[in-house]
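Engineer: Dropping a prediction and its sequence here:
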Amino acid sequence: TLTVVGSINIDHVIRLPQFPRPGETLTGSDYRIVPGGKGANQAVAAARAGAATRFIACVGDDALAQSLVDGFAADGIDIGAIDRITGINTGVALIQVNAAGENTISLAAGANGRLTPEQLNRYGEGLNCEQLLLQLEIPLDTNIAAAGQAKAQGARVVLNPAPAQALPDDLLSLVDLITPNETEAEQLTGVAVHDEADAAAAALVLHAKGIATVIITLGARGVWLSEQGKGRVIPGFKVKAVDTTAAGDTFNGALLAALQQRQPLEQAVRFAQAAAALSVTKPGAQTSVPYLAEINALLES
Ligand code: ADP
């Protein structure tokens, strides 16, 4: 199976003509509450793409928490290790989307901050997965503990290093496959990624940390796929972008679903890019994550 350890957020999404400047008030339209959080989005993307998926996470005791967990169950995710923590809110994200489909995001971690190594240990010794998928919206210690356990059990450890932050070698040295976007790659390596040469240079820095496979996502341009220091661009799919929220999350979940089915890496990347392209054609996070049949239809078109 695939185990995702990560965050759950309630996304409050408002569409605006452009982002307000500091001190400015703008009236937007189309306010929605949408299930989000990088861990949850990636678990949902993996499950909808056909993977048997277990999700280790925490929600708060607010009114929306149960409906989020019910949603994961409806997607076929194993929810046995999602705990409800009393006295705290479920994670929240305030998301603004402009007319170009770009977003800005503010987070309040809430219960995601309670996914500590101790909490993980209530479920983690049974991680027993073939693949572990991590992101950076839970405490760093928990990611290190999870990666260490999974690695010791021979699992593939995959890190989507988002949101962007610098990371200790303790974590990076446990990672088999890393999937930064351009901003995250720069944060991790100090190399600003604008073109293929930059992507190659950034990937080399990550390989030097002991990471065998580096996939730098390049937005609409596709990805830089680098194995053991040899890289190439794999182009993405052309679609009309409405809202790029969860493009990276969809990519990660779908990638692991394809790898779980033993697809070769390049084929898995194409599958993941088809899923991610579909996600940018719809608004919201989990509301935009496609199902296997839609992904296969785009791949066959
Ligand atoms: P993030 O959402 O984490 O910033 P990216 O923007 O790099 O990540 O997007 C991840 C992947 O989603 C890309 O590699 C690409 O396959 C796909 N994608 C993103 N934006 C578009 C787009 N406008 N058109 C088609 N595919 C896209």
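Structural biologist: Arrived safely.

Engineer: Residue 138 reaches residue 38, doesn't it?
Structural biologist: No: if you go by Cβ atoms under 8 Å, residue 138 and residue 38 don't touch, sitting 9.3 Å apart. In this view, the C-beta of every residue, glycine as well, is placed from N, C-alpha and C.

Engineer: any shared contact partners between the two?
Structural biologist: Common neighbours of residue 138 and residue 38 are listed as 6-7 (criterion: Cβ atoms under 8 Å, 6 or more residues apart in numbering).

Engineer: Report the closest residue of the stretch 101-250 of the chain relative to the ligand.
Structural biologist: Nearest residue of the stretch 101-250 of the chain to the ligand: residue 248, at 2.1 Å (Cβ to the nearest ligand atom).

Engineer: wait, doesn't that residue sit right on residue 180?
Structural biologist: No: judged on Cβ under 8 Å, residue 248 makes no contact with residue 180 at a distance of 9.1 Å.

Engineer: what about the residue nearest to residue 169 when sequence neighbours are not counted, neighbour count?
Structural biologist: Leaving out its chain neighbours, the residue that sits closest to residue 169 by Cβ to Cβ, 6 or more residues apart in numbering is residue 209, at 6.2 Å. Neighbour count of residue 209, defined by other Cβ atoms under 10 Å: 16.

Engineer: and the residue of the stretch 101-250 of the chain closest to the ligand, how many neighbours does it have?
Structural biologist: For residue 248, using other Cβ under 10 Å, the count is 24.

Engineer: and the helix or strand encompassing it, C-alpha only, in CSV?
Structural biologist: Under the criterion of DSSP states H and E, residue 248 resides in helix 247-260. What follows is helix 247-260, C-alpha atoms only, in CSV (Å, rounded to 0.1, in the frame of the first residue of the first chain):
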residue,chain,number,x,y,z
ALA,A,247,-1.7,20.9,-9.3
GLY,A,248,1.4,19.8,-7.5
ASP,A,249,-0.6,17.7,-5.0
THR,A,250,-2.4,15.9,-7.8
PHE,A,251,0.9,15.3,-9.5
ASN,A,252,2.3,13.7,-6.4
GLY,A,253,-0.6,11.5,-5.5
ALA,A,254,-1.1,10.3,-9.1
LEU,A,255,2.6,9.7,-9.5
LEU,A,256,2.7,7.4,-6.5
ALA,A,257,-0.5,5.6,-7.7
ALA,A,258,1.2,4.9,-11.0
LEU,A,259,4.4,3.7,-9.3
GLN,A,260,2.4,1.5,-7.0
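
Engineer: That one: which residues count as buried?
Structural biologist: For helix 247-260, burial by neighbour count (16 or more other Cβ atoms under 10 Å) applies to 247-260.

Engineer: immediately after it, which helix or strand?
Structural biologist: helix 265-280.

Engineer: Report all helices and strands that the helix or strand just after that following helix contacts.
Structural biologist: Following helix 265-280 in sequence order, the next helix or strand is helix 292-300 (DSSP H and E). Other elements packing on helix 292-300 under the criterion 3 or more Cβ pairs under 8 Å, 6 or more residues apart in numbering; DSSP states H and E are helix 265-280.

Engineer: What ranges does this structure have for its helices?
Structural biologist: Applying DSSP state H to the chain gives helices spanning 38-48, 65-74, 117-124, 140-152, 169-172, 182-189, 196-208, 247-260, 265-280, 292-300.

Engineer: Contacts made by the second one with the rest, please.
Structural biologist: Spelled out, it's helix 65-74. Helix 65-74 has contacts (Cβ under 8 Å, 6+ apart) with 8, 10, 35, 40, 43-44, 47, 55, 59, 79, 82, 84, 90, 111, 286.
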